[in-house]
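Novice: only the shape, not the letters, is given here:
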C-alpha cells in the first residue's frame, strides 16, 4: 500500500522532484517498525508500553498521551509547541537525540529518508496525515518563496563545514536529500526558538526567510 | 538529480573544453594558492569546483601528507591515531583538476605577480591566496629556539613534533613533571593549549597518576577557562597547576640542555617541556612586506590584503578582526575569498561575506565542550554577530553528544578541505 504523505503545495516549489518522488510505503514501514516494537505499539486504541502507542501520532502534541512516562525533554518539547507532523517526525526519526537532546529513546535513528517516510506512513494508518505547514506556525507563503539556488549554494558552504556533503551522519545529522518543507521548517524552528541546539540556533539567527528558501532549494538538488 | 561528487568530477573532466569564455583565445585566469592547510586547500577546492573549469588553480604545498593541528591533542590523549589526522592531495588533483605543486614557495614578486619556488622556476598568478599558517617568533621564550625543539617540542604544527611529544609523555619517569609554556595572544587555536593539558592529564591519570602538570602562562585568562578548570577539578584533581602572570608565568626562561625552567628567577627541574612560543604570520608574508606588526591585515568582505588587492590572506596569518585563529575559521574565510576571487576573475556573483566558527575541545572521555560564533564583514574588520559557549553543569549526555558532534565535524570539514 502506497500512501502519499506529502503536501500538494510541494508541487509549486522549485526543485521539488526529490520530495515528490518520496512516498511512504506502509507495508515496508511495518517491517521497519519491528525495530521499535520492544517499546512501542502502533494500533488503534492500543496500549502504551515503555514508550507511547504511536498509532495516529501525527497531529499529537509531543509528550501528551495519558499514562506514558515521558522524559522531561519530550514533555518540555511539547510544552514548547512541538507537534508531531510528517516533517517533525521525519526530523526526530532521523536523529532522535539530536532532535530532542535528553530524549530517553535509545534508538539511533533512520538515516534513510525513504525508511522514515515508510515508517511514518505505517504509523499514520487510516488516521489523518498532518503537515507542519497546516499548523499555522509558519504561514503557507513561507513554503512558496522561490529560492535562489546559486545563493543557496554559497550559503550552504557554511553548513557543509559540519554536515557531511557526502551523506555521512556520524555525530551530525545528514541534511542532503531532506524534503524541502522539512528543511524549511527545521531552520525556521531553530531560528524562532521551537527547536534548540547551540550551533543551529546561532547560525540560523541571521538567516532571512529568502535565505532559508535558497538553502532548501539548493539542498533539494543534492542526493543523499 | 545531481550528486555533488559526481558533478564535481564531471566538471573537472570537462575543464579543458569549457575553458575561459571570458578572455577568448587567451589562457584561463590563474589563481595560485600558497599553503595546503585548512585555508588553502579549501580555497583551491572551492575555486576549482565553483568556477566549472574557468579558472586555472595551482596549489603550492611542500608536504605530501598534511596532518591537521585540530584533533592532534586527541592523538596525545590516545583518542586518535596519528594516521587518522593525515590527509593527502590526490583527490584535489584527480577530481578537481587542481595543479598540486609539492614545493616550497620561497617568495612573492608582487609587481611581476609570480611566486618563486625553492625547486626553481616561478608560477604566475592573476590572484594569489596566501594561507601559510603561523611561524614562531625567534627569541620569544628565552633559551628556546628551533634547534631546541627536539628537547622541548612545540607540537604546534602537527606531525613529527606531535609524535615526539607523545613519545616523551610515554617515557616520562613515574611522578615526573610535564611543563607547558603557553603562548601569549594572539595565537593559533585559543583553546588548544588547554585541551592539550586535558589530554595529557587523561593519559597521565591512566598511566602515571602521580605525575603533575605545570602550566606557565603569560595570559591573565584563556578560552573556555571556566569549563576547562571545572573539568580539571572533576577529572584530574590535584594534578594540574597553572602559574599565571601574577606569579611569574609571563617571565619564563627554559634550559633545554638541563631540562629546567626558570620562573621569575626560580629554577625548577622538569621531565617533559612543551614550549609553545609567541607566533606571527608565516614568513613568506613578512618577506613580501604584506604584514604590519606580525600579521597580515585584510579587508573583511573579501580577505584581500590591505597592501595588495591581488593577494588574499587566510587563516592564522590574517589580522581580520574578531575571528579566532582556527582551522574552522580558515575554512570559513576560504569560502568567502574563493567567492571573491571568482567574482574578480570570471565576473561571477558577489555575495555578502558570511563567516562562522566552532571550536570543540575534549576534556576527558565523552566530556566535550564547544564555543562558537557567526561573523560578518564590518567596515574594516570582521565582527561577531551571535555567539554561544557550552555551560557549566551540563549533563553527561549533553557532553557526550558534544564530543560525538566533534567527530562528525572532523570528518565533514576535512572532506570540505581535501575533497
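Specialist: That came in fine, so what should we check first? Because the structure is a prediction, the values reported are computed rather than measured. Numbering: from 1, shown residues only, chains lettered A, B, ... in the order given.

Novice: near chain A at all, the host helix or strand of residue B:39?
Specialist: Using DSSP states H and E, residue B:39 sits within helix B:38-50. Yes - remark: helix B:38-50 sits within contact range of chain A at B:46, B:50, by CB under 8 Å from any CB of the partner chain. C-betas here are computed from N, CA, C, even on glycine.

Novice: before we move on, which element is the residue nearest to residue A:198 when sequence neighbours are not counted in?
Specialist: Computed as CB to CB, 6 or more residues apart in numbering or on different chains, the closest residue to residue A:198 that is not its neighbour in sequence is residue B:388, at 4.3 Å. Per DSSP H and E: residue B:388 is located in strand B:382-389.

Novice: what's the offset of the helix or strand just after that strand from the middle of its chain?
Specialist: Sequence order places helix B:396-418 as the next helix or strand after strand B:382-389, per DSSP H and E. The chain centre lies 17 Å from the centre of helix B:396-418; the measure is CA atoms, centre = their mean, to the nearest Å.

Novice: now swap in stretch B:320-337 and tell me
Specialist: Distance, centroid of stretch B:320-337 to centroid of chain: 10 Å (CA atoms, centre = their mean).

Novice: how many neighbours does the residue nearest to residue A:198 have?
Specialist: 19 (other CB atoms under 10 Å in any protein chain shown).

Novice: and the pLDDT at it?
Specialist: Listed pLDDT for residue B:388 reads 97.

Novice: please apply the same query to residue A:172.
Specialist: pLDDT, residue A:172: 89.

Novice: and residue A:224, by the same measure?
Specialist: 45.

Novice: by mean pLDDT, point me to the weakest helix or strand of chain A.
Specialist: Across the helices and strands of chain A, the lowest-confidence element by mean pLDDT, DSSP states H and E is helix A:17-20, at a mean of 32.

Novice: and the residue nearest to residue B:390 when sequence neighbours are not counted, which of the three is it?
Specialist: Leaving aside its sequence neighbours, residue B:390 sits nearest to residue B:369 (CB to CB, 6+ apart; 4.0 Å). Classification of residue B:369 by DSSP: H, G, I helix; E, B strand; the rest coil places it in strand.

Novice: quick check: residue B:369 touching residue B:401?
Specialist: No - using CB atoms under 8 Å, residue B:369 makes no contact with residue B:401, being 11.4 Å away.

Novice: compare neighbour counts for the two and give me the winner.
Specialist: Remark: of residue B:369 and residue B:401, residue B:369 carries more neighbours, 27 against 20, as counted by other CB under 10 Å.

Novice: which residues sit in contact with that one?
Specialist: Taking CB atoms under 8 Å, 6 or more residues apart in numbering or on different chains, we find residue B:369 in contact with B:224, B:227-228, B:231, B:360-361, B:363, B:389-390, B:399, B:402.

Novice: redo that, cut-off 10 Å
Specialist: B:191, B:195, B:198, B:224, B:227-228, B:230-231, B:359-363, B:389-392, B:394, B:398-399, B:402-403, B:406 (CB atoms under 10 Å, 6 or more residues apart in numbering or on different chains).

Novice: ok, residue B:262 next?
Specialist: Contact analysis of residue B:262 by CB under 10 Å, 6+ apart lists B:142-143, B:216, B:248, B:251-255, B:268.

Novice: give me the domain ranges for chain A.
Specialist: Domain assignment for chain A by automatic domain parsing gives A:2-132, A:141-220.

Novice: out of the ones you listed, which gets the lowest mean score?
Specialist: Here the lowest mean pLDDT among these goes to domain A:2-132, at a mean of 81.

Novice: coming back round to it: isn't the residue nearest to residue A:198 up against residue B:359?
Specialist: No - at 11.3 Å, residue B:388 does not count as touching residue B:359 under the criterion of CB atoms under 10 Å.

Novice: who touches both of the two?
Specialist: By CB under 10 Å, 6+ apart, the residues touching both residue B:388 and residue B:359 are B:370-373.

Novice: looking at chain A, what residue ends up closest to chain B?
Specialist: Across chain A, the shortest distance to chain B (CB to the nearest CB) belongs to residue A:171, at 2.8 Å.

Novice: mind listing what the closest residue to residue B:338 other than its chain neighbours touches?
Specialist: Nearest-residue entry for residue B:338: residue B:46, 3.7 Å, with adjacent residues in sequence omitted and distances by CB to CB, 6+ apart. Counting by CB under 10 Å, 6+ apart, residue B:46 touches A:154, A:157, B:57, B:96, B:331, B:334-339, B:341-342, B:416-417.

Novice: how near is residue B:46 to residue B:308?
Specialist: For residue B:46, the distance to residue B:308 equals 21 Å [CB to CB, to the nearest Å].

Novice: what does residue B:284 give?
Specialist: From residue B:284 to residue B:308 the distance is 13 Å (CB to CB).

Novice: between these two, who's got more neighbours?
Specialist: residue B:284 (21 against 18).

Novice: tell me where chain A has strands.
Specialist: Per DSSP state E, chain A carries strands over the ranges A:2-3, A:24-25.

Novice: if you could redo that for the stretch 251-400 of chain B, that was the one I meant.
Specialist: Under the criterion DSSP state E, counting those that start in this stretch, the stretch 251-400 of chain B contains strands at B:252-255, B:260-263, B:266-269, B:272-275, B:279-281, B:296-297, B:311-313, B:318-319, B:354-364, B:367-377, B:382-389.

Novice: the last one packs against which elements?
Specialist: Packing partners of strand B:382-389 (3 or more CB pairs under 10 Å, 6 or more residues apart in numbering or on different chains; DSSP states H and E): helix A:198-204, helix B:327-346, strand B:354-364, strand B:367-377.

Novice: check these for me and report the most buried one.
Specialist: helix B:327-346 (a mean of 26; mean count of other CB atoms under 10 Å in any protein chain shown).

Novice: may I see the buried residues of stretch B:379-390?
Specialist: B:381-383, B:385, B:388-390 (16 or more other CB atoms under 10 Å in any protein chain shown).

Novice: repeat that for stretch B:395-412.
Specialist: Residues B:398-399, B:401-412 are the ones in stretch B:395-412 that count as buried (16+ other CB under 10 Å).

Novice: out of those residues, which are close to chain A?
Specialist: B:398, B:401-412 (CB under 10 Å from any CB of the partner chain).

Novice: find the nearest non-adjacent residue to residue B:299, please.
Specialist: residue B:306 (6.1 Å).

Novice: got it, and residue A:79?
Specialist: Using CB to CB, 6+ apart, the nearest residue to residue A:79 is residue A:63, at 7.6 Å.

Novice: list the contacts for that neighbour?
Specialist: Counting by CB under 10 Å, 6+ apart, residue A:63 has contacts A:52, A:70-80, A:82, A:100, A:103.

Novice: of these, grab the buried ones for PyMOL.
Specialist: Buried residues within the contacts of residue A:63, by 16+ other CB under 10 Å, are selected in PyMOL with:
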select buried, chain A and resi 52+70+73+74+75+76+77+78+82+100+103
